[in-house]
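Colleague: here you go, sequence then predicted model.
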Number of protein chains: 2
Amino acid sequence: MAEPSGEQLLFLTDEQLRQGIEAMFFAYRGFTADPDRILEDMSYGRAHHRAVHFINCAPGTTVNNLLNILGVTKQSLNRVLRRLIADGLVESRVGRTDKRERHLYLTEEGKALEAKLSDAQRARMRSAYRKAGPEAVAGFRQVLEAMMDADMRRNYLALREPRP
Amino acid sequence: MAEPSGEQLLFLTDEQLRQGIEAMFFAYRGFTADPDRILEDMSYGRAHHRAVHFINCAPGTTVNNLLNILGVTKQSLNRVLRRLIADGLVESRVGRTDKRERHLYLTEEGKALEAKLSDAQRARMRSAYRKAGPEAVAGFRQVLEAMMDADMRRNYLALREPRP
DNA sequence: ACATTACGTCAGCCTTGTTGACATTCCAAG
DNA sequence: CTTGGAATGTCAACAAGGCTGACGTAATGT
C-alpha cells in the first residue's frame, strides 16, 4: 500500500509512546510495591532485595559479577553485602582457584527472605499475566527485551543459561 | 480442550515469572538511562524529570494533584519544585477560584527541557516498539496496566481523558 | 467563629548512589 | 624472584531524594 503511515503505525505516534512511558512508570511502582512493604518491616531497602535476588538465581556468583549485573559501584554494593553477611543472610566464601574472589551464597535464612520477597512479587506478576493472557505476555517480554541496553540484555540472557 | 494446565499455562510457571521480573528490572534501567544522562549534565535528577513530565501533560495541575500522581511527600516534591521554579523552568500561579491552590505550568525553558528528555525517552520506546511490532506493543500495555496498583491505574487512565 | 484544606518551610534522619584514597591478597609475566 | 595489575575490602565524605514531625499562613467551607 502507498500509505505505510496512519493507522498501521498508530502505535508509534508520540501520544502512544507517551502512554507507554507512563505505563512503565506506574507499573514499575506496582512491581516494587509488595517487596518494598516486606523490606520496610525489617529495615532493608530495594538494594538488599536486588542483591538477594541475584545471589539466589546465580549461587556462587562473584562480587564483580554481581557488580556488573546490578550496575552500581563496589562501595555501594559492599555496604549492602556487609550488612547481609553480618545479619547471616549471605555467606561469602573465598574462591578455590582464585582466592581473591569471593563467592556469594544465600544462607537458609537468606533463602527464606528471598522466597518471601519473590513470592510477593511473583503473585502480582502472575495476576497481571493471567489478566492479560499468554499472547499479551509474549508481547510484553518482547518489548521489554527490546528496551534494554545491549550489555544488560547480555546479562539478562546469560541468567537463563545453564551454569558450569 | 480438556487440558488447560500444562503448555497452555507455561507462561505462569515460577521460572517464567522470574524471567518477567528480571526483564522488568533490566528494561526499566534502559528506560531511564537516556534521560538520566541528560539530567546529569544539568545536575538534575529523576525527580525533576518526573515533575516536569507530569506538569507538561497536565498543565495547570495543582501541587496536591501532582503529589498523588508521583506518590511522594509534599516536602520531597517541594524541594524539587522550588529548584525548578528558581531555575525558571516552572511557573506557579495562585488559583483563581481557590486561591490556596497553586497551578503549575512549564515556562518555555521548561518545555524545552521536557521536550529534550521526552525525545530521548520516546526514541528508545519507539525503537523497542518497532522491533517488537504492534501486537507485542498491545500485549505490553495490557500487562503493564494489569501490574499497576488500582489507584495508580486510575491516575494513569485519567491522564488520557480530556481536561476541562 | 472555627475547623479544615492547601501549601510552604525548617530541621533532621535514612538509604543508596557517587568519588577518592589506600591496604591486602593473589596471579601472572618478565 | 620480583613486580605489576587485578580483585576485593575499607574508610571518609558527599549528594540526591525519599521520609517524619512541627509550624505558619492564607483561603475556604460549615
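Modeller: On my side now, so go ahead.
Colleague: model confidence over stretch A:127-141, on average?
Modeller: Averaging pLDDT along stretch A:127-141 gives 97.
Colleague: whoops, I mixed them up, stretch A:33-48
Modeller: 93.
Colleague: try stretch A:148-161
Modeller: For stretch A:148-161, mean pLDDT rounds to 89.
Colleague: any part of that stretch near chain B?
Modeller: Yes - Stretch A:148-161 is in contact with chain B by Cβ under 8 Å from any Cβ of the partner chain, via A:148-149, A:152-153, A:155-156, A:159-160. Every residue, glycine included, has its C-beta placed from N, CA and C.
Colleague: got a PyMOL select line for the buried ones in these?
Modeller: For the buried members of those, the matching PyMOL selection, counting by 16 or more other Cβ atoms under 10 Å in any protein chain shown, is:
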select buried, chain A and resi 148+149+152+153+155+156+159
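Colleague: ok, so of the residues of stretch A:148-161 next to chain B, who is nearest residue B:38?
Modeller: Using Cβ to Cβ, residue A:149 comes nearest to residue B:38 of those, at 15.7 Å.
Colleague: related to what we said a few turns ago, now the two most distant members of the residues of stretch A:148-161 next to chain B.
Modeller: Every pair of the residues of stretch A:148-161 next to chain B checked by Cβ to Cβ; the farthest is A:149 and A:160, at 17.8 Å.
Colleague: okay, the residues of stretch A:148-161 next to chain B in a markdown table with secondary structure and distance to residue A:120 next?
Modeller: A markdown table is the format used below for the residues of stretch A:148-161 next to chain B (DSSP: H, G, I helix; E, B strand; the rest coil; distance: Cβ to Cβ, whole Å):
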| residue | secondary structure | distance to residue A:120 |
| --- | --- | --- |
| A:148 | coil | 24 |
| A:149 | coil | 27 |
| A:152 | helix | 24 |
| A:153 | helix | 26 |
| A:155 | helix | 24 |
| A:156 | helix | 22 |
| A:159 | coil | 20 |
| A:160 | coil | 22 |
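Colleague: what sits against residue A:94?
Modeller: A:101-103 (Cβ atoms under 8 Å, 6 or more residues apart in numbering or on different chains).
Colleague: and residue A:32, by the same measure?
Modeller: Neighbours of residue A:32 in contact, by Cβ under 8 Å, 6+ apart: residue A:46.
Colleague: ok, residue A:47 next?
Modeller: A:72, A:76-77, A:80.
Colleague: let's see which of the residues you listed end up in helices.
Modeller: Under the assignment DSSP state H, the contacts of residue A:47 contribute A:76-77, A:80 to helices.
Colleague: nearest to residue B:132, of the contacts of residue A:47?
Modeller: Using Cβ to Cβ, the contacts of residue A:47 come closest to residue B:132 at residue A:72, 28.5 Å.
Colleague: excluding chain neighbours, what is closest to that closest one?
Modeller: What sits nearest to residue A:72 in space, not counting adjacent residues and going by Cβ to Cβ, 6 or more residues apart in numbering or on different chains, is residue A:47, at 7.7 Å.
Colleague: ok, residue A:53 next?
Modeller: Nearest non-adjacent residue to residue A:53 (Cβ to Cβ, 6+ apart): residue A:114, at 6.6 Å.
Colleague: what is the neighbour count of the one you found?
Modeller: By other Cβ atoms under 10 Å in any protein chain shown, the residues close to residue A:114 number 20.
Colleague: re earlier: among the contacts of residue A:94, which are within reach of chain B?
Modeller: Answer for these near chain B: none qualify (Cβ under 8 Å from any Cβ).
Colleague: quick check: chain neighbours aside, which residue is closest to the residue in chain A that chain B sits nearest to?
Modeller: As assessed by Cβ to the nearest Cβ, chain B sits closest to residue A:139 within chain A, at 2.6 Å. Residue nearest to residue A:139 in three dimensions, not counting chain neighbours: residue B:139, with 2.6 Å by Cβ to Cβ, 6+ apart.
Colleague: list the buried ones in the helix or strand containing the one you found?
Modeller: Per DSSP states H and E, residue B:139 falls inside helix B:134-147. By 16+ other Cβ under 10 Å, the buried positions in helix B:134-147 come out as B:134, B:136-147.
Colleague: who are the neighbours of it, in terms of helices and strands?
Modeller: Packing partners of helix B:134-147 (3 or more Cβ pairs under 8 Å, 6 or more residues apart in numbering or on different chains; DSSP states H and E): helix A:14-41, helix A:108-132, helix A:134-147.
Colleague: need the nearest residue in space to the one residue sitting closest to the centre of chain A, chain neighbours excluded.
Modeller: Geometric centre of chain A, nearest residue: residue A:50, 6.4 Å, by Cα atoms, centre = their mean. What sits nearest to residue A:50 in space, not counting adjacent residues and going by Cβ to Cβ, 6+ apart, is residue A:70, at 5.8 Å.
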